[in-house]
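Participant: build me a structure from this.
(one chain, ligands or ions: 1)
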Amino acid sequence: MAGFRENEKQHFPLQSIQDVVDLFRDQLTGSDEPNLPLLSIVLGAIENVLTVNRSLPGEIDHSKTLEPIFPVIELETVEALYEKFVTHVKRSIDLTKFCGEVATRELVKLVSDVIWSSLMRSFYKDKAHLQSLYSFLTGNKLDCFGVAFGVVAAFQVLGYKDVHLALSEDHAWVTFGQDLLETAEVTWHGKGNEDKRGQPITMGVSEKSWLYLNDQPVLCTRQMEVASIVSGINPSISATVDSLEMGSLQQELLWLLYDMDHLSRYPMALGNLGDLEEISPTPERPQPIDLFNEAIQSALEHYNNQHVYPYTYLGGYLYRKGHHKKALQAWADAADTVRNYNYNREDEEIYKEFLEIANDLIPHMMKIVASDNAARIHHTSLLYDPDCYANFLRFYDGICEWEEGSPTPVLHITWAKQLVFSLSKFDLSVREHIEVKGEGLEDDSSSEEEEMEEEVNGRRGEEGEDKVMDDTEPSSSHRPGRRGRRPKINIEPEG
Ligand SMILES: CC1(C)CN=C(N2CCN(c3ncnc4sc(CCF)cc34)CC2)S1
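Facilitator: Predicted structure coming up:
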């Protein structure tokens, strides 16, 4: 069984961050594809030593003795696990039935089944450090991203060049076929959702759905698949302690990928790097703010500005740095992105993101600025700034439009209470300087009044048929057939 190529073996044993960076650089350079199973096993083995099997409390505290604790990763260890993966995949798939150069949906489902059926019957799916093939091969455990990556790695082992990872902000699937036009679910998503493995991601599902980014997912190359496992490195030892070595390895590998231009179409990886640079800045490298802005530019340029996280990465950073006005602008931009979507039950992650911003971060920010008397006296605080008020309203307007036409409600009493709390902090004067303009309805012949009349009569007709208007019914303004469209409100400060 062919093990590693000579140029792979020569890097072992890996004894330092630099050794790992050299291995990855070598793998990412030249015409050969990077070896996905090899790299995932290496990262998983290191993460296991530095975070999972960390010495129990009470033993030598290396951080005090400044002794480096980077593990020695032996070739034999990695090669044995690699052989196990290759053997498992090749034994489970009889390729004689699949003669085409590109994968078929049947083969994708089959490979997904091979990974899926090898998983432990039941384990805590949300646990950390379950993302790598090291976890799969030593513990038969993978998280939902790990299953998708495992399928892509298995196809690389089988010699297919067309099967690639597709990534949204909270889900992963694969693209395959002649011109990468086919898509297939290969893993589960969230809790209590039936997995849809083998099914294509159709417009009906992906349109207006944040989970599928309105059909604008990150479509990975082999090098971006390497970036996804580097970005997926989890340096956490516990809820409060991170492994500095693991975080530093992740940061160095992300800079390597950045320099090789493999992050330019991967906004979340740029955001991850920005977060790492905030924690521990690398001299002569771009600032976090630049990386967050590069992530936004990438989403604008490559993904029709359908990604939300680039704006919440930036907003979170600005908030932590106390740049409250700019944080509000970033969050308003995030809400402007989410307004295109309809909220459904599989979108909880982005719901939690906006819940924290609206009901925790913004109220906390309002308290801080309200107690800043100097700023109050000189009217320099955001409470007197029409731009901030306009961004505040744009933020909430985006969330309201997100809810409109959605099968699942977004807002509840806590949202309303926090809105009133934050809104009331603004000084009355800001309202004199903003203009709330409604754009006219489309080429609607009937006037607004006639239209409302039609609608009310129409509804009366429906109610006449004892139509139950249950509260999950999308609001009437979004029923098909309604003429004209929702007046667009542009909230702009005057002048
Ligand atoms: C602004 C934030 C709340 C901070 N961290 C965030 N994330 C951490 C990193 N994340 C990611 N980073 C790189 N690649 C991926 S692929 C994916 C979907 C599951 F496969 C998630 C994700 C997800 C989002 S968003």
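
Participant: close to the ligand: what parts of this protein are there?
Facilitator: For the chain, the residues in contact with the ligand (C-beta under 6 Å from any ligand atom) are 145, 167, 169-172, 228, 231, 268-269, 272, 309, 312-313, 316, 353. For the C-beta atoms, the positions are set from N, CA and C on the backbone; glycine is no exception.

Participant: in those residues, find the pair that's most separated.
Facilitator: The largest separation in the residues of the chain next to the ligand, counting by C-beta to C-beta, is between A172 and G316 at 22.9 Å.

Participant: for the closest residue to M246 other than its chain neighbours, what are its contacts?
Facilitator: Once flanking residues are discounted, M246 sits nearest to P235: 3.8 Å by C-beta to C-beta, 6 or more residues apart in numbering. Taking C-beta atoms under 8 Å, 6 or more residues apart in numbering, we find P235 in contact with E47, L50, T51, D242, S243, L244, M246, G247, Q250.

Participant: secondary structure class for the third one?
Facilitator: Pointing back at T51 there. For T51, the assignment made with DSSP: H, G, I helix; E, B strand; the rest coil gives helix.

Participant: correct me if wrong: it contacts I237.
Facilitator: Yes: between T51 and I237 there is a contact at 4.9 Å, judged by C-beta atoms under 8 Å.

Participant: common neighbours of the two, please.
Facilitator: Common contacts of T51 and I237, defined by C-beta under 8 Å, 6+ apart, comprise S243.

Participant: and these two? which has more neighbours close in?
Facilitator: T51 (21 against 16; other C-beta atoms under 10 Å).

Participant: so what's the nearest residue to D162 once chain neighbours are set aside up against?
Facilitator: Excluding its sequence neighbours, the residue lying closest to D162 (C-beta to C-beta, 6+ apart) is V102, at 4.4 Å. By C-beta under 8 Å, 6+ apart, V102 lies in contact with Y160, D162, F176, G177, Q178.

Participant: one step back: for the contacts of P235, which PyMOL command selects only the ones that are buried?
Facilitator: Those of those that count as buried under 16 or more other C-beta atoms under 10 Å are selected in PyMOL with:
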select buried, resi 47+50+51+243+244+246+247+250
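
Participant: which one of the contacts of P235 is nearest S117?
Facilitator: Closest to S117, out of all of the contacts of P235 and judged by C-beta to C-beta, is E47, at 25.0 Å.

Participant: and that closest one, which of the three is it?
Facilitator: Classification of E47 by three-state DSSP places it in helix.

Participant: contacting residues for it?
Facilitator: Shown in contact with E47 (C-beta under 8 Å, 6+ apart): H129, S132, Y134, I233, N234, P235, M246.

Participant: need the max-distance pair from those residues.
Facilitator: Among the contacts of E47, Y134 and P235 lie farthest apart (C-beta to C-beta), at 15.3 Å.

Participant: is T183 located within a strand, as I assumed?
Facilitator: Yes: T183: assigned to a strand according to three-state DSSP.

Participant: tell me how many other residues surround it.
Facilitator: Counted with other C-beta under 10 Å, residues neighbouring T183 total 24.

Participant: and it, how far from the ligand?
Facilitator: T183 sits at a distance of 15 Å from the ligand (criterion: C-beta to the nearest ligand atom, to the nearest Å).

Participant: and that residue, what does it touch?
Facilitator: Contacts of T183 (C-beta under 8 Å, 6+ apart): A166, W173, V174, T175, F176, P200, I201.

Participant: change it to 6 Å
Facilitator: By C-beta atoms under 6 Å, 6 or more residues apart in numbering, the residues touching T183 are T175, P200, I201.

Participant: out of those, which end up buried?
Facilitator: Among these, those scoring as buried are T175, I201 (criterion: 16+ other C-beta under 10 Å).

Participant: among the contacts of T183, which are in helices?
Facilitator: If you go by DSSP state H, the contacts of T183 have nothing in helices.

Participant: make JSON lines out of the contacts of T183 and add pLDDT and distance to D372.
Facilitator: Shown next, in JSON lines, are those (pLDDT from 0 to 100; distance: C-beta to C-beta, whole Å):
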{"residue": "T175", "pLDDT": "98", "distance to D372": "51"}
{"residue": "P200", "pLDDT": "97", "distance to D372": "54"}
{"residue": "I201", "pLDDT": "96", "distance to D372": "48"}
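
Participant: scan the contacts of E47 and report the most crowded one.
Facilitator: Tallying neighbours with other C-beta under 10 Å puts S132 at the head of the contacts of E47, with 30 neighbours.

Participant: quick one on the thing from earlier: could you tell me which of the contacts of V102 belong to strands?
Facilitator: Among those, the members falling in strands (DSSP state E) are F176.

Participant: greatest separation within the contacts of V102: which pair is it?
Facilitator: Distance extremes for the contacts of V102: the farthest pair is Y160 and Q178 at 12.4 Å, using C-beta to C-beta.

Participant: so the two - more neighbours on which side?
Facilitator: Y160 (21 against 10).

Participant: OK, contacts around that one?
Facilitator: A103.

Participant: in stretch 278-292, what's buried?
Facilitator: Neighbour-count burial for stretch 278-292, counted by 16+ other C-beta under 10 Å, picks out E278, P286, P288, I289, L291, F292.

Participant: what is the nearest of those residues to the ligand?
Facilitator: Comparing the buried residues of stretch 278-292 against the ligand with C-beta to the nearest ligand atom picks out F292 as the nearest, at 9.4 Å.

Participant: now the helix or strand that closest one falls within: average pLDDT?
Facilitator: Remark: F292 resides in helix 288-302, with elements defined by DSSP states H and E. Averaged across helix 288-302, the pLDDT comes to 98.

Participant: which other helices and strands does it contact?
Facilitator: Here helix 288-302 touches helix 267-279, helix 309-320, going by 3 or more C-beta pairs under 6 Å, 6 or more residues apart in numbering; DSSP states H and E.

Participant: turn those helices into TSV, columns for distance to H412 and mean pLDDT.
Facilitator: Putting the helices and strands packed on helix 288-302 into TSV (distance: least, C-beta to C-beta, whole Å; pLDDT from 0 to 100) gives the following:
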stretch	distance to H412	mean pLDDT
helix 267-279	29	98
helix 309-320	21	98
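
Participant: how about these, which one is nearest E74?
Facilitator: Here helix 267-279 is closest among those (C-beta to C-beta), at 28.0 Å.

Participant: L257: neighbour count?
Facilitator: Using other C-beta under 10 Å: L257 sits among 24 other residues.

Participant: just to check, it is in contact with E225?
Facilitator: No: under the criterion of C-beta atoms under 6 Å, L257 is not in contact with E225, lying 11.0 Å apart.

Participant: so where do the strands sit in the stretch 1-150 of the chain?
Facilitator: In the stretch 1-150 of the chain, no strands are defined using DSSP state E, counting those that start in this stretch.

Participant: pLDDT weak spots in it?
Facilitator: 1-2, 55-68 (pLDDT under 70).

Participant: distance check, I229 against G150.
Facilitator: I229 is 11 Å from G150, where distance means C-beta to C-beta, to the nearest Å.

Participant: these two - which one has more neighbours?
Facilitator: Here I229 and G150 are compared on neighbour count by other C-beta under 10 Å; more neighbours surround G150, at 31 against 23.
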